[in-house]
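Chemist: coords please:
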Amino acid sequence: MLANRMVMGPMAVTAPDREGRVTDQTLAFFEARARGGVGMIIVGGAIGTQRGWDEAPFRPILRMDRDEFLPGLRRLGDAMHALGVPLIAEVSTAFGRMGVPTADRPLISASPLNVVIPESRFPRGLHVPGGRTTPMPQEASVAEIQAYERETIESSLRMQRAGWDGVELPAHMSYFLASFLAPRTNWRADAYGGSVPNRARMLANMVRAIRERAGPRFVIGLRLVSSDQVEGGQSSEGYAAIAREVEAAGLDYVALSQGCYETMNVGLSVRDGTIIEDGDAAAFRQAVSVPLLLPGLHDPVQAARAIAQGHGDLVMLARPLLADPEYPRKVVQGRVADIVRCERDNLCIRRLMFNMPVRCSVNPRMGLESKAPGSLGDPKRLLAAPLEYAVLALTGSKTLMGLAGKLLRARATPPGPGPQEAVPPKNRT
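Modeler: Numbering: from 1, shown residues only. So this is what the prediction gives:
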């Protein structure tokens, strides 16, 4: 039984050490949100496979793929349970098209399609001249897919042994699992492509196996794209059909994630409720019977209205809990006016993109919860901070980055087929 319907959504702010182990800061960060009254915590920024660790585009990242990390994971689980808060592990399989390849370790995906993010599709505060094009992945072999399945299943069961309450499989944005779900990104002709059951096969296989081995009391959730919102992309009805297929394998909830990396500005909208306005929540409400977790509702009044109207069952709070760990308690106590509001300037995400420790523009204690207020920080951090501020100031200037974009476009040659998106065989001429 949850204390309330406010869930801390998964974020890459776990602050593990360089090897991926739980640290004092990991503990202090989550303890602050648990004491702040959140009903459940989903821990993101974690990986459940060796290859996923190797290709991670940001570090450090919390590791759940080996038994050697169990002591720290148990410590975190025990700390949350002592505060009465259930803990769910978002066990990522791999980064796929968004990963970092090497000469002997190429990226793999459902099909050989890379990610092209137009400059205009980055959210507020992120200025990337010319946009971004990721390296072209190779089509994952069946053996590679099945190896990922086995590793993710074992890592999920490891989290049960660590005493956590459940796991969430993340099939969102443009990561490996998400690449199988839509015809635009999956044109395979084998058992993992084509029909809805085939495109959902990897998720269903893992959910079914975890359920069989972990038992009925272990929570299994699915974080899923609600709609691509890109030309040629899959609608909410298509993704809801995937969710219905996976639900039959033993799901306990579905957490929605709007858009993909090609449409980052949708998932990080500057206003509340787009997932309801666009009809995504309604499509899933009709398709599945398990609870729905809704993102993108920063305002507690709008969040309460969405729940009351039946659009979802719980709300996921991510950036709002960086800004104010006490957000849930203030809501419960009727002190909504006292909430420190997230400004949606995405400083946290910009710092993550540059592999800087995540911070918040309205909460100076965020990321420093394990330190006594006013204490001197790590000398290495004191030396790094001025350079970080300079980088953030330069890259955060729309004027400067706009000028850089104009210079890049002026020097660009007409695009050829090489760095662009691959074309599915059925559409080639």
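Chemist: wasn't Arg75 part of a helix?
Modeler: Yes: assessed with DSSP: H, G, I helix; E, B strand; the rest coil, Arg75 lies in a helix.
Chemist: ok, and the closest non-adjacent residue to it?
Modeler: Once flanking residues are discounted, Arg75 sits nearest to Val22: 6.0 Å by CB to CB, 6 or more residues apart in numbering. Glycine gets a C-beta too; all of them are placed from N, C-alpha and C.
Chemist: so that neighbour belongs to a helix, correct?
Modeler: No: read with three-state DSSP, Val22 is coil and lies in no helix.
Chemist: please report how far it lies from Phe176.
Modeler: 24 Å (CB to CB, to the nearest Å).
Chemist: more neighbours, the two?
Modeler: Shown here are Val22 and Phe176; by other CB atoms under 10 Å, Phe176 has more neighbours (30 against 24).
Chemist: so what's the closest residue to that one other than its chain neighbours up against?
Modeler: Nearest non-adjacent residue to Phe176, counting by CB to CB, 6+ apart: Gly96, 3.2 Å away. Contacts for Gly96 (CB atoms under 8 Å, 6 or more residues apart in numbering) come out as 107-109, 137, 174-179.
Chemist: please redo it, this time with the cut-off set to 10 Å
Modeler: Going by CB atoms under 10 Å, 6 or more residues apart in numbering, Gly96 touches 52, 55, 107-110, 115, 134, 137, 140, 148, 173-180, 185.
Chemist: and if you look at Gly374?
Modeler: Contacts of Gly374 (CB under 10 Å, 6+ apart): none.
Chemist: measure it to Phe29 for me?
Modeler: With CB to CB as the criterion, Gly374 and Phe29 are 19 Å apart.
Chemist: quickly list what Tyr253 is bridged to.
Modeler: With DSSP bridges applied, Tyr253 shows beta-bridge pairing to Gly221.
Chemist: now do the contacts for it.
Modeler: 7, 40, 88, 166, 168, 219-223, 247, 288, 290-293, 313-314 are the contacts of Tyr253 under CB under 10 Å, 6+ apart.
Chemist: what count of nearby residues applies to Pro135?
Modeler: Residues contacting Pro135 under the criterion other CB under 10 Å number 13.
Chemist: burial count for the closest residue in space to it that isn't next to it in sequence?
Modeler: Once flanking residues are discounted, Pro135 sits nearest to Pro101: 5.4 Å by CB to CB, 6+ apart. For Pro101, the neighbour count with other CB under 10 Å is 16.
Chemist: so Pro101 touches Leu107, yeah?
Modeler: Yes: proximity of Pro101 to Leu107 meets the contact threshold set by CB atoms under 10 Å, at 4.7 Å.
Chemist: who touches both of these two?
Modeler: Contacts common to Pro101 and Leu107, judged by CB under 10 Å, 6+ apart, are 55, 134-138.
Chemist: ok, which pair from these is furthest apart?
Modeler: Greatest spacing in those, by CB to CB: Glu55 and Met136 (14.4 Å).
Chemist: neighbour count: those two, which is higher?
Modeler: More crowded of Glu55 and Met136, by other CB under 10 Å: Glu55, with 22 against 19.
Chemist: that one and Ile349, how far apart?
Modeler: Glu55 is 20 Å from Ile349, by CB to CB.
Chemist: equivalent analysis for Phe176, please.
Modeler: According to CB to CB, Phe176 and Ile349 sit 21 Å apart.
Chemist: can you flag the buried ones in the contacts of Tyr253?
Modeler: Among the contacts of Tyr253, the ones that count as buried by 16 or more other CB atoms under 10 Å are 7, 40, 88, 166, 168, 219-223, 247, 288, 290, 292-293, 313-314.
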